[in-house]
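Visitor: Provided below for reference: sequence and predicted model.
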Amino acid sequence: MRDKITTFCNENEIEVLFCDGYDDAIIGLGQSFNTYKVIYDRNKILAALEKEMTTEEAVEFFEFNIIGAYVGESTPIFTIDLSHLV
C-alpha cells in the first residue's frame, strides 16, 4: 500500500508523511480539503508493538510516541475499529 500511496502522491505533487516500520498497518489515504494523510489501523500497530512488549507498554508507547508525534498537517491518522461495539 505504501508504494501505491507514494506513486499517487508523486504523480499528483502531494506531500504525505509515513510512520516508519508500520507499512503493514496502512489502510489507505485520506483527504480533507487540500490536506492528504496516510491512514493506519491502530489495532495493527498495537499488534506489532505487542510482539516486543506487553499490551500496556504497547498502548503507552503508541499514545506517547506515535499518536503524540505531531509533525504538521500531514501527520498520519489512525483508525479505531468500533464495529465490535453494539
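Guide: Great, that's in hand. Numbers count the residues shown, from 1 in each chain.

Visitor: ok, and for stretch 34-50, which residues are buried?
Guide: The neighbour-count check on stretch 34-50 (16 or more other Cβ atoms under 10 Å) flags Tyr36, Lys37, Val38, Ile39, Tyr40, Asp41, Arg42, Lys44, Ile45, Leu46, Leu49 as buried. C-beta here means a position set from N, CA and C on the backbone, and glycine is covered the same way.

Visitor: Correction: the previous question concerned stretch 1-10.
Guide: Neighbour-count burial for stretch 1-10 [16+ other Cβ under 10 Å]: Ile5.

Visitor: where does the protein dip in pLDDT?
Guide: Along the chain, segments meeting pLDDT under 70 are nowhere present.

Visitor: how about the strands in it?
Guide: Taking DSSP state E, the strands of the chain run over residues 26-32, 35-41, 77-79.

Visitor: Angles on the backbone of Gly21, please.
Guide: phi 90, psi 0 (degrees, to the nearest 10).

Visitor: Return the set of residues that bridge with the residue nearest the centre of the chain.
Guide: Among the residues of the chain, Tyr40 comes closest to the average C-alpha position under Cα atoms, centre = their mean, at 3.0 Å. Beta bridges link Tyr40 to Ile26, Phe78, judged by DSSP bridges.

Visitor: Check the gap between the closest residue to Phe18 other than its chain neighbours and Leu85 for me.
Guide: Leaving out its chain neighbours, the residue that sits closest to Phe18 by Cβ to Cβ, 6 or more residues apart in numbering is Val38, at 5.7 Å. With distances taken as Cβ to Cβ, to the nearest Å, Val38 is found 25 Å from Leu85.

Visitor: likewise Thr35?
Guide: Thr35 is 29 Å from Leu85, by Cβ to Cβ.
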